[in-house]
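Chemist: From the sequence below, what's the structure:
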Amino acid sequence: MEIPAPLRLRVDRDALVSNWQAMDRMSGAAACGAAVKANGYGLGATLVAQTLAGAGCRDFFVANWAEALALAPLGLTLSVLHGLRAEDMAAAMAGFARPVLSTPEQVARWREGGGGACDVMVDTGINRLGVSVQAVADGLLDGLAIETLISHLACADEDVPMNARQQAAFAGLKGRTRARRMSLANSAGIGLGADYHFDLTRPGLALYGGIPRPDMAGPLRQVARPEAQILQRRLVPAGETVGYNATWTAPADTEVAILNLGYADGYRRALSGRGAARADDVVLPVLGRVSMDLVAVDVTARPDLAEGDWLAMDYDLAAASAASGVSQYELLTGLGQRFGRG
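Modeler: Residues are numbered from 1 along each chain as shown. Prediction:
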């Protein structure tokens with residue numbers, strides 16, 4: 001039995017392609033890849049990867065080997081950012097993805113296991129994953145068949161001196177390994193200019209309609225559009241309240257729609273009293289507190305809306321982030337599994 005989902009996540013494939021093309025243009029002579037980890041930032045990794053591969057993207061990045069395995073049937077060039085645990089060796093040796101080695105132990109494990117082409121993460125200052133610049137200079141990677149030498153910027157969304165220090169540290173590794181390519185810039189890093197692009201860029205957020213830096217907003221389009229079905233329409237008399245803890249009181253008789261959507265679906269409680277739905281060009285404010293599975297919106301301006309109708313949630317990432325205080329990344333990757341995606 002197939003039951004239609006009461007929630008829909010509309011993924012605008014044209015906007016997704018347009019955003020990748022914008023990042024590709026901004027990357028200049030560097031190739032432009034795509035981060036599709038976390039299930040394609042919540043939109044569906046297979047859908048995203050297939051769409052971008054069709055647009056010309058050739059390099060895809062996931063977090064772990066389970067994510068890589070899910071995309072293996074697509075025959076893409078995949079890199080696994082979280083490297084190579086002992087438990088991952090069988091998958092890595094199967095050849096459907098490259099490990100991004102990030103510790104001396106992983107380098108040794110790959111060598112001893114007879115591994116071939118790999119990528120390597122170098123820490124230039126973010127102090128997350130990566131071998132040290134000094135270890136590379138001391139020969140840790142000598143003889144490895146490295147496809148891409150990678151590092152990651154800590155503060156690319158800000159104009160701070162640390163960006164230039166990381167760029168210089170990474171640039172200093174040119175010619176110190178057998179790496180065919182070098183890659184430093186994420187979405188925001190692309191916006192820092194040509195010195196940060198090296199041979200391959202790795203946008204994530206910008207592909208999905210997020211704005212990594214204010215000066216990059218122009219060409220980027222919204223991709224994710226959550227839609228929720230009206231479960232009930234009701235009249236709330238003046239003076240009565242809506243939702244948990246009675247945080248909203250009707251100033252006048254108000255027509256309210258209760259939607260099949262809540263924080264369990266990733267529509268954050270921080271959007272209580274701040275978010276909105278839309279019916280065509282009419283803004284329908286969220287009333288009261290967002291609960292686990294339900295949210296209330298004011299539909300007084302749309303007397304035609306009824307039980308079973310669908311409303312689009314106002315989900316421009318930069319605006320929703322500003323309204324809620326929740327990062328654009330969390331607003332995307334937190335979208336739940338109860339959405340029908342398409």
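Chemist: got the contact list for the closest residue to residue 129 other than its chain neighbours?
Modeler: Spatially, and ignoring its direct neighbours in sequence, residue 129 is nearest to residue 102 (4.1 Å; CB to CB, 6 or more residues apart in numbering). Yep, even glycine has a C-beta here, placed from its N, CA and C like the rest. By CB atoms under 8 Å, 6 or more residues apart in numbering, residue 102 lies in contact with 82-83, 120-121, 129-131.
Chemist: Show me the two of those residues that sit farthest apart.
Modeler: Taking CB to CB as the measure, these span a maximum distance of 14.2 Å, between 82 and 131.
Chemist: Mind putting the contacts of residue 102 into a markdown table with pLDDT and distance to residue 267?
Modeler: Formatted as a markdown table, the contacts of residue 102 follow (pLDDT from 0 to 100; distance: CB to CB, whole Å):
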| residue | pLDDT | distance to residue 267 |
| --- | --- | --- |
| 82 | 98 | 29 |
| 83 | 97 | 34 |
| 120 | 98 | 39 |
| 121 | 98 | 34 |
| 129 | 98 | 31 |
| 130 | 98 | 35 |
| 131 | 98 | 40 |
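Chemist: Filter those down to just the ones in strands.
Modeler: 120-121, 131 (DSSP state E).
Chemist: Tabulate these (a markdown table), appending distance to residue 297.
Modeler: Output for those, formatted as a markdown table (distance: CB to CB, whole Å):
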| residue | distance to residue 297 |
| --- | --- |
| 120 | 50 |
| 121 | 45 |
| 131 | 51 |
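Chemist: Top of those by number of neighbours, please.
Modeler: The residue in the ones in strands among the contacts of residue 102 with the most neighbours, by other CB atoms under 10 Å, is residue 120 (27 neighbours).
Chemist: From residue 109, how far out is the residue nearest to that one when sequence neighbours are not counted?
Modeler: The shortest distance from residue 120 to any non-neighbouring residue, by CB to CB, 6+ apart, is to residue 101 (4.9 Å). Counting by CB to CB, to the nearest Å, the gap from residue 101 to residue 109 is 8 Å.
Chemist: so where's the chain shaky on pLDDT?
Modeler: By pLDDT under 70, the chain has no low-scoring segment.
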